[in-house]
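Enquirer: only the shape, not the letters, is given here:
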Ligand code: ADP
Ligand code: ZN
């Protein structure tokens, strides 16, 4: 028997299959979809088995498969197909696609590592024999107690038996020890107070048809009870003996949602997200592979979960940018969800309080079915939004806190209610400049200013992570004249404590959540009212449900609004409405204070009125005029290289090649400098393709990719439907 194996070997040109002989000891064990190790040249590389063959009709000598990576892990037929779809639509190699679909703990090359943890149990081999033994040796009290204990319980843990008793009973063939795989994450289902769906929720629930593929867009305002609807849909799915995938965005949300799912489904749930340890991830994956769980809750890559008999796929906060992978393969989880929905003929539900323009437009065109929840659950009201003009405040020297925000914070503290502050910049100061000579600390690799982090006294590049210690004196002129500019979350924390000396503040950003479990701890502590105020970056904006929060403050709404990108209005609308949605989720009325230098901007106005539809219509108008999605599709192409001049030349050639080969209706723009021109010492030029229909596109891009595969100076990054350009 032979196997057709696609091997990993860096270069794109090697996206090829090779035939290997299956050695006798692996006969019947090697299966399609398995990861195997094979000899390749003088090396040992891994690959995936694509086909099993009876005969080998090639005339070259075939080598043998060395070993199977892990017999438990097989990409089933559906996943093999998804891999092909991924490779076709993102132009990655098939092997990269398959690699992406398996958790990283299984990607470790050439290294045996048993991630399994075991419990050892002791059982009785033969009951009669054990009883005879007890009668024969009545004086062996210790042993008899242990035997009785095992007989009563069926099995007991090895560690609960003393070593000499264990040894004696084993020697007499009374007991045996069994290893049972143990999982790191193990949650019992708690007593759940089942909520009865409101009639609005019930109505949505009933509209989802489980008998066929269809994509639904559940547009429900913050606090309208979407999560509860998801839970009921999944419950129904389980009753039909089917399984479910529930995707949540990368940041923050996972813990809270995961807890709600554990409450509802206990050990039927597996969790897959980036802050699990490799071992935990492996365990969760094994549970899914073995069909021991029925619900998978996770971030982007959980869309590849190898669940059998899928019944529904739900994507919460479908507009979150974390669903798009920003390195190769640049896939969007929503596309994979729809692929799997069609493959399994099941419903896909996309939920959001601020749907992406693409999804809303598709719903309007009836490609998706729109479901709406327009009211908050119970007595909760949507919050009142105040917009503060910071230009007026600056005249009063209020450069961080407006009078209104200060007063509201004081008022809520008095009432023992909680507050959330959003500032979308971490660190202490965004740059440091010498007032004597004008020197500014910059990243040597990326040419941008370094952000000062006071806690660690480090200056850090937020693009590439480069860091150095801050000096006391200016490194250029030697004067003690270094000044801090710009505001980050660290400084905000210091300032709020100066204003309200007794306030209990907790900060949540990348820096405070670096250690495992910190995220969860901050959220739980805040929920248990160990703090009055939670401040942080966009981590605080989405999905969190704290009933005592009655005030949300946005320190500077302009940070995202001013980013030069076609999506910055949409992102700002979404961020501000989401964070506003954290206020007033129970019976206390919520208030939101948005500080901005653009109080008349339509995005801010629509947030103030909580009017998504108005925002949508306005924004669609701009997109149409400027030929952006959802009216046109985009492809972003980056040409990247160390030598600026050479790279620019290549970029021009790419532009020329595309203009000449693509459809006449297709627009090719550029080359221009990318939003981040220099990154890790490489220059990045960008070309944008805008098109409605272009049959030639994929072919032309594949050819271009091949041409560049051998280029030593520059390389290409091709991004279909980029979320930022
Ligand atoms: P969303 O996901 O739309 O932001 P949630 O599902 O988090 O909204 O619901 C908001 C709040 O309302 C939560 O505290 C939730 O427990 C509560 N809730 C949701 N549905 C119901 C219901 N049917 N009965 C009672 N409370 C509910
Ligand atoms: Zn850098």
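Expert: Sure thing, it's come through. Remember, predicted model here, so these are calculated numbers, not experimental data. Ligands and ions are numbered 1, 2, ... in the order given.
Enquirer: flag every residue of this protein that's near ligand 2.
Expert: 443, 445-446, 461, 463-464, 466 (Cβ under 5 Å from the ion). Heads up, the C-betas are built off the backbone N, CA and C, glycines and all.
Enquirer: now, those that are in strands?
Expert: Taking DSSP state E, every one of the residues of the chain next to ligand 2 sits outside strands.
Enquirer: as TSV, those residues with neighbour count, distance to residue 90 and pLDDT would be great.
Expert: Below are the residues of the chain next to ligand 2 laid out as TSV (neighbours: other Cβ atoms under 10 Å; distance: Cβ to Cβ, whole Å; pLDDT from 0 to 100):
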residue	neighbour count	distance to residue 90	pLDDT
443	24	30	89
445	16	27	86
446	21	26	82
461	22	28	89
463	15	23	82
464	17	24	83
466	16	29	90
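Enquirer: distance check, the residue of the stretch 551-700 of the chain at minimum distance from ligand 1 against residue 200.
Expert: Distances between the stretch 551-700 of the chain and ligand 1 by Cβ to the nearest ligand atom are smallest at residue 585, namely 5.8 Å. Noted for residue 585: a distance of 16 Å to residue 200, by Cβ to Cβ, to the nearest Å.
Enquirer: who has more neighbours, the two?
Expert: Legend: neighbour count by other Cβ atoms under 10 Å for residue 585 and residue 200, higher for residue 585 (23 against 17).
Enquirer: what sits against the more buried one?
Expert: By Cβ atoms under 8 Å, 6 or more residues apart in numbering, the contact set of residue 585 is 222-223, 376, 380, 545-547, 549.
Enquirer: so which residues of the stretch 51-200 of the chain form helices?
Expert: 77-90, 94-101, 127-136, 141-153, 163-171, 199-207 (DSSP state H, counting those that start in this stretch).
Enquirer: same for the shortest one, what does it pack against?
Expert: On a contact count with 3 or more Cβ pairs under 8 Å, 6 or more residues apart in numbering; DSSP states H and E, helix 94-101 meets strand 2-7, strand 43-53, helix 77-90.
Enquirer: the same query, at a cut-off of 6 Å, please.
Expert: The contact analysis (3 or more Cβ pairs under 6 Å, 6 or more residues apart in numbering; DSSP states H and E) places helix 94-101 against helix 77-90.
Enquirer: what angle do strand 43-53 and the helix it packs on make with each other?
Expert: In terms of direction (axes from the mean of the first three to the mean of the last three Cα atoms, to 10 degrees), helix 77-90 departs from strand 43-53 by 120 degrees.
Enquirer: tally of neighbours for the closest residue to residue 198 other than its chain neighbours?
Expert: Counting by Cβ to Cβ, 6 or more residues apart in numbering, residue 198 lies nearest to residue 377, which is 6.2 Å off, once chain neighbours are set aside. The number of residues packed near residue 377 is 19, by other Cβ under 10 Å.
Enquirer: for residue 689, which non-adjacent residue is spatially closest?
Expert: That would be residue 635: by Cβ to Cβ, 6+ apart, it lies 4.2 Å from residue 689.
Enquirer: ok, residues contacting the helix or strand hosting that neighbour?
Expert: According to DSSP states H and E, residue 635 maps onto strand 633-641. Here strand 633-641 makes contact (Cβ atoms under 6 Å, 6 or more residues apart in numbering) with 647, 650-651, 654, 674, 682, 684-691, 713-715, 717-720, 722, 725.
Enquirer: in helices, which of these fall?
Expert: 647, 650-651, 654 (DSSP state H).
Enquirer: want to throw the residues you listed into TSV with neighbour count?
Expert: TSV is the format used below for the ones in helices among the contacts of strand 633-641 (neighbours: other Cβ atoms under 10 Å):
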residue	neighbour count
647	21
650	22
651	27
654	23
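Enquirer: assumed residue 604 was part of a helix.
Expert: Yes - counting by DSSP: H, G, I helix; E, B strand; the rest coil, residue 604 is part of a helix.
Enquirer: what count of nearby residues applies to it?
Expert: 22.
Enquirer: quick one: neighbours of residue 589, just the number.
Expert: Neighbour tally, residue 589, other Cβ under 10 Å: 14.
Enquirer: just say helix, strand or coil for it.
Expert: Per three-state DSSP, residue 589 ends up coil.
Enquirer: quick check: beta-bridge partners of the residue nearest to residue 689?
Expert: residue 689, residue 720 (DSSP bridges).
Enquirer: repeat that for the one 4 residues further on.
Expert: According to DSSP bridges, the partner residues bridging residue 639 are residue 685, residue 716.
Enquirer: quick one on the thing from earlier: need the per-residue pLDDT for the residue nearest to residue 689.
Expert: At residue 635, the model reports a pLDDT of 96.
Enquirer: could you do residue 643 as well?
Expert: Confidence score, pLDDT, at residue 643: 95.
Enquirer: that older thread, and the nearest residue to the residue of the stretch 551-700 of the chain closest to ligand 1 once chain neighbours are set aside, what does it touch?
Expert: Nearest residue to residue 585, sequence neighbours excluded (Cβ to Cβ, 6+ apart): residue 223, at 4.8 Å. By Cβ under 6 Å, 6+ apart, residue 223 lies in contact with 376, 380, 585.
Enquirer: quick check: phi and psi on the last one?
Expert: Residue 585 has phi and psi values of phi -90, psi -10 when expressed as degrees, to the nearest 10.
Enquirer: now the one 10 residues further on
Expert: Dihedral angles phi and psi of residue 595 (degrees, to the nearest 10) take the values phi -100, psi 130.
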